[in-house]
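**Student:** the sequence and its predicted three-dimensional model are supplied below.
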Amino acid sequence: MPTTLTTDRLTLRPMEPRDADAFADLNADPAVMEHFTTGPLDRAGSDRLLAVIRERHLRDGFGLAAVERREDGAFLGFTGISSHRWYPDDVEIGWRLAAHAWGHGYATEAATAWMEHAFGELGLPRLISITIPANTRSIAVMRRLGFTLWEEATHEGLDVVVYARKAA
Ligand SMILES: CC(C)(COP(=O)(O)OP(=O)(O)OC[C@H]1O[C@@H](n2cnc3c(N)ncnc32)[C@H](O)[C@@H]1OP(=O)(O)O)[C@@H](O)C(=O)NCCC(=O)NCCS
């Protein structure tokens with residue numbers, strides 16, 4: 001069963017086909033995609049990503065999930081936990097929000113709920129989060145969640161920093 005979580009301001013629910021338009025807008029925004037090697041995604045690329053996220057959430061019971069604002073039902077982006085091919089023994093927590101939703105604490109609020117679910121319900125021993133050193137906004141979310149730098153590494157020619165936090 002896919003997971004749905006609720007916070008004060010947000011519903012964290014499986015991504016659905018009806019999210020496709022808002023998801024494509026977000027993925028097409030150069031500001032949102034600044035730190036991704038793919039750059040902005042076209043509509044077909046965004047739809048493919050949506051399909052993969054949905055499949056993996058159904059398969060694993062957890063995954064990357066839509067962030068929906070409870071006040072007005074707006075789709076803000078995704079947060080969640082998923083496996084990463086570079087670190088198959090770990091589970092990664094991640095986030096991507098539309099630029100209009102930055103600066104409100106939504107990413108930290110959503111990721112905190114996912115972290116509590118991962119350490120509580122799922123009993124995971126630790127979480128990691130991967131980004132490039134230039135992505136200071138993402139690193140700030142990691143630090144707010146209590147993550148600390150675990151390793152600097154190079155994968156597929158990309159220099160990354162990996163933050164981690166153990167279950168309390
Ligand atoms: C990474 C990303 C999710 C961070 O978003 P964010 O809005 O900066 O992060 P938060 O939701 O934690 O919000 C924190 C900000 O909201 C402010 N804020 C306002 N109201 C708040 C509230 N009620 N509670 C908490 N913080 C609040 C904080 O002061 C902080 O502001 P600051 O950035 O000026 O210091 C966003 O920049 C993004 O989607 N980037 C593109 C995708 C990406 O790179 N993803 C990561 C890939 S590794």
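**Tutor:** Noted; the coordinates are in hand.

**Student:** so the residue of the chain found nearest the ligand versus residue 145, what's the distance?
**Tutor:** Using C-beta to the nearest ligand atom, the single residue of the chain nearest to the ligand is residue 105, 2.2 Å away. Heads up, the C-betas are built off the backbone N, CA and C, glycines and all. Applying C-beta to C-beta, to the nearest Å, the value for residue 105 to residue 145 is 12 Å.

**Student:** have a look at the two and say which one is more surrounded.
**Tutor:** Neighbours per residue (other C-beta atoms under 10 Å) separate residue 105 from residue 145, with residue 145 holding more: 18 against 12.

**Student:** show me the contacts for residue 92.
**Tutor:** Contacts of residue 92 were listed using C-beta atoms under 8 Å, 6 or more residues apart in numbering, and they are 81-84, 127-130.

**Student:** circling back: confidence score at the residue of the chain closest to the ligand?
**Tutor:** Confidence per residue is given as pLDDT, and for residue 105 that number is 98.

**Student:** which of the contacts of residue 92 sits closest to residue 15?
**Tutor:** When the contacts of residue 92 are compared for distance to residue 15, the smallest value, 12.0 Å, is given by residue 82; criterion: C-beta to C-beta.

**Student:** buried residues, whichever strand or helix holds that closest one. List them.
**Tutor:** With secondary structure defined by DSSP states H and E, residue 82 is part of strand 75-84. Within strand 75-84, the residues that count as buried by 16 or more other C-beta atoms under 10 Å are 75-82.

**Student:** name the helices or strands packed onto whichever helix in the chain runs longest?
**Tutor:** Among the elements of the chain assigned as helix by DSSP state H, the one spanning the most residues is helix 43-60. When contacts are defined as 3 or more C-beta pairs under 8 Å, 6 or more residues apart in numbering; DSSP states H and E, helix 43-60 sits against helix 20-27, strand 64-69, strand 75-84.
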